[in-house]
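Dropping a prediction and its sequence here:
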Amino acid sequence: MKVENITIVGGGSAGWMAAATLIKCFPNKNITLIESPNIPTVGVGESTIGQIRGWLKLLDIKDEDFIPHTDASLKLSIKFTDFYKKGQSFHYPFGQSNIDGNYAGLNDWWLKKSLYPETPNSDYANCVYPQMALVNENKFKDDVPYAYHFDATKFGIWLRDHYCIPKGVKHLKEDVWSIEQNDNGIQSLNQKHTADLFIDCTGFKSLLLGETLKEEFISYNDLLPNNTAWATKLPYTNKKKQLVGYTNCTAIENGWVWNIPLWNRVGTGYVYSDKFVNDETALKEFKRHLGRDDLEFKNIKMRTGIHRRLWVKNVAAVGLSAGFIEPLESNGLFSVHEFVIELVRNMRRGNVSQWDKDNYTSKCKNMYYIFSEFVGAHYALSHRDDTEYWKANNNKEWSSDIIEWTSKNRGYPLFANQRNFDYVFPYKDGEGFHCIAAGMNWAPTDLTTLKYYNLWNYREVYESKIGCIANLNKKKYKWKEDAMNLPSVLDYLKENIYK
């Protein structure tokens, strides 16, 4: 299969991110994007994670290029409030952790927690991530790992007008009213638009891959409990205080609420399960959480899962048309740019074989499932039991394999893709699983275990552990001191971007 002419169906952030990537990587190919002038985009993916900066760098897009056009602000971390228990919160910050020690296969913080069990779970991130001093003091500097909060609809428009069209992407505004097929897949759209490769960016509708080619969709409702959201926009009441460098996720009665501080407003929404609450009651819960009901609210139905194959014949899917994990951990746009990069990788040889198509599916689905497991861990490790929703998560058998433990799956099978939680997680960055585990008070050891294995009773060990705890605290206070003289997130943006 030779690919010279590519047609992307669907605009929004997914369509225009796909177009931008393809025109950058394949400037000599003919790339067309067709979008309906009548179908609105979902427009709730307003929070990103750090990998997007690698994608922007690939495309030679700088912060000052797009931030002023997309209502964007800067993001250093994700905060989880009331997920473990009511009244407790913790952070999962971006960047490399600064972990010391290797005693009994642990990092030093677990020794601190074992010796002083009253240590707050939130202290983990404060002690091992230098970035947390910036988060706690609401400060910013540009030589640390960060991502963005932005209006995803405006981001798609900016990519269209300032990147894709100037570089040669052809833009057509029309509804797709007919799809002609042949043995190779899609023959044409509207009896006139042909291509070697069609990329489906039509959102949950999945017009090409799902509706037309009838590719099976595999639901992940057993792992991801939520399927609906209410979304709205909040004005700032105290911008200096409310424009913080993190997304806040707060667990409430039947799901959780996101709070995303953009430049001119706050994006917020309630993600919930309609198995436990209907839309009307969920809206009441959301309004009660916000403390106001004078806003415009949008209801969004979500399907969580992924198609069995993501590249079928001459159709490849990207974004919501391929699959979706609920919004926790800001994964929506992550799957867009990561899937598109995999698409490029499997087109790089010029011709495309069935191996290349299957490899695209395999790489994307593996990435998707690891992330899905990671999101599922937020529910599996929770001890909330104050509503039927949280009781169901608390009592759920997350994986039948857990009780069929084997040496092949050394650890907890549900989290096998997190590189065996018990053994490796204190040392590995990237997955973030150790931050979620610490925040949820799920430790790889405790004082009883250490004593049982005679790892706690020697004087020299006792003295060394006291020293390592002092060092943890010293680092934490030093990072805080270094952060004090830096500008706030708001002031940094004023001085460097929104001039």
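Cool, got the structure.

use CA for all of it now, contacts and neighbours both
Fine.

can you give me the strands in the stretch 251-400 of the chain?
255-261, 266-272, 298-301, 305-307, 311-312, 315-317, 323-324 (DSSP state E, counting those that start in this stretch).

Can you add mean neighbour count and distance to residue 477 and give these back as JSON lines?
As requested, these are exported to JSON lines (neighbours: other C-alpha atoms under 10 Å; distance: least, C-alpha to C-alpha, whole Å):
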{"stretch": "strand 255-261", "mean neighbour count": "25", "distance to residue 477": "27"}
{"stretch": "strand 266-272", "mean neighbour count": "24", "distance to residue 477": "31"}
{"stretch": "strand 298-301", "mean neighbour count": "14", "distance to residue 477": "43"}
{"stretch": "strand 305-307", "mean neighbour count": "22", "distance to residue 477": "43"}
{"stretch": "strand 311-312", "mean neighbour count": "23", "distance to residue 477": "51"}
{"stretch": "strand 315-317", "mean neighbour count": "25", "distance to residue 477": "48"}
{"stretch": "strand 323-324", "mean neighbour count": "26", "distance to residue 477": "40"}
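
I'd like those laid out as TSV, including mean pLDDT.
As requested, the strands of the stretch 251-400 of the chain are arranged in TSV below (pLDDT from 0 to 100):
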stretch	mean pLDDT
strand 255-261	97
strand 266-272	96
strand 298-301	94
strand 305-307	97
strand 311-312	98
strand 315-317	98
strand 323-324	96
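
what's the closest of those strands to residue 486?
Nearest to residue 486 among the strands of the stretch 251-400 of the chain is strand 255-261 (19.8 Å), distances taken as C-alpha to C-alpha.

Adjacent strands (with direction) for that closest one?
Under the criterion DSSP bridges, strand 255-261 sits next to strand 246-252 (antiparallel), strand 266-272 (antiparallel) in its sheet.

which one of those strands lies closest to residue 37?
In terms of C-alpha to C-alpha, the element of the strands paired with strand 255-261 nearest to residue 37 is strand 266-272, at 24.6 Å.

just for the stretch 351-499 of the chain, where's the confidence low?
399-431, 444-445, 450, 453-466 (pLDDT under 70).

the helices in it, which residues?
All helices of the stretch 351-499 of the chain, identified by DSSP state H, counting those that start in this stretch, fall at 354-380, 388-395, 421-424, 433-439, 447-452, 459-483, 489-496.

ok, now the stretch 51-200 of the chain?
52-58, 63-66, 108-115, 123-128, 131-137, 152-159, 165-167.

For the second one, which outside residues touch it?
So the one you mean is helix 63-66. For helix 63-66, contacts defined as C-alpha atoms under 8 Å, 6 or more residues apart in numbering pick out 155, 158, 497.

Most neighbours out of these, which is it?
Neighbour counts for the contacts of helix 63-66, by other C-alpha atoms under 10 Å, peak at residue 155, which reaches 21 neighbours.

And for residue 184, the neighbour number?
Neighbour count for residue 184, taken as other C-alpha under 10 Å: 12.

Residue 61 and residue 496, how far apart?
Computed as C-alpha to C-alpha, to the nearest Å, the residue 61 to residue 496 distance reads 16 Å.

who's more crowded, those two?
The neighbour comparison of residue 61 against residue 496 (other C-alpha under 10 Å) goes to residue 61, with 14 against 10.

got the contact list for the more buried one?
Here residue 61 is in contact with no residue (C-alpha under 8 Å, 6+ apart).

Kindly report the same for residue 361.
309-311.

same check, this time on residue 341
Residue 341 makes contacts with residue 21, as judged by C-alpha under 8 Å, 6+ apart.

Now stretch 6-13: average pLDDT?
Stretch 6-13 shows a mean pLDDT of 96.

got the CA coordinates for it in PDB?
Once non-C-alpha atoms are left out, stretch 6-13 reads as follows in PDB (Å, rounded to 0.1, in the frame of the first residue of the first chain):
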ATOM      1  CA  ILE A   6      -4.000  11.300   3.000                       C
ATOM      2  CA  THR A   7      -7.400  12.500   4.000                       C
ATOM      3  CA  ILE A   8      -8.200  13.300   7.700                       C
ATOM      4  CA  VAL A   9     -11.900  13.200   8.500                       C
ATOM      5  CA  GLY A  10     -12.800  15.400  11.500                       C
ATOM      6  CA  GLY A  11     -11.300  18.600  12.900                       C
ATOM      7  CA  GLY A  12     -11.000  19.600  16.500                       C
ATOM      8  CA  SER A  13      -7.800  19.100  18.400                       C
END
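
Can you give me the buried ones in that stretch?
Residues of stretch 6-13 classed as buried: 6-13 (neighbour count, 16 or more other C-alpha atoms under 10 Å).

now do stretch 371-390
371-385, 389-390.

Show me what that stretch is in contact with.
By C-alpha under 8 Å, 6+ apart, stretch 371-390 touches 83-86, 223-224, 253-255, 276, 325, 328-329, 391, 393-394, 396, 398, 414-415, 417-418, 431, 433, 436-437, 440, 442.

If we use 7 Å, what do you get?
Here stretch 371-390 makes contact (C-alpha atoms under 7 Å, 6 or more residues apart in numbering) with 83-85, 223-224, 253-254, 276, 325, 328-329, 391, 393-394, 398, 415, 433, 436, 440.

distance between it and the chain's centre?
16 Å (C-alpha atoms, centre = their mean, to the nearest Å).

Repeat that for stretch 131-146.
Worked out by C-alpha atoms, centre = their mean, stretch 131-146 lies 19 Å from the chain centre.

as a whole number, average confidence for it?
Across stretch 131-146, pLDDT averages out at 96.

re the thing from before, and the strands paired with strand 255-261 as JSON lines, adding distance to residue 356?
Converted to JSON lines, those look like this (distance: least, C-alpha to C-alpha, whole Å):
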{"stretch": "strand 246-252", "distance to residue 356": "37"}
{"stretch": "strand 266-272", "distance to residue 356": "36"}
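
closest to residue 138 out of these?
Closest to residue 138 of these is strand 246-252 (C-alpha to C-alpha; 9.0 Å).

and the closest one with helix 388-395, angle?
100 degrees (axes from the mean of the first three to the mean of the last three C-alpha atoms, to 10 degrees).

Can you give the contact residues for strand 246-252?
Contacts of strand 246-252 (C-alpha under 7 Å, 6+ apart): 75-83, 256-260.

Out of those, the closest to residue 347 would be?
Distance to residue 347, by C-alpha to C-alpha, is smallest for residue 75 among the contacts of strand 246-252, at 32.8 Å.

and this protein, what are its domains?
The record's domain parsing of the chain by automatic domain parsing lists 5-74+147-221+304-375, 96-138+397-483, 228-301.

if I look at the spatially closest residue to residue 240 that is not a sequence neighbour, how far off is residue 480?
Nearest non-adjacent residue to residue 240, counting by C-alpha to C-alpha, 6 or more residues apart in numbering: residue 490, 6.5 Å away. With the distance defined as C-alpha to C-alpha, residue 490 ends up 19 Å from residue 480.

now swap in residue 237 and tell me
Distance from residue 237 to residue 480, by C-alpha to C-alpha: 27 Å.

what does residue 385 give?
Distance, residue 385 to residue 480, by C-alpha to C-alpha: 36 Å.
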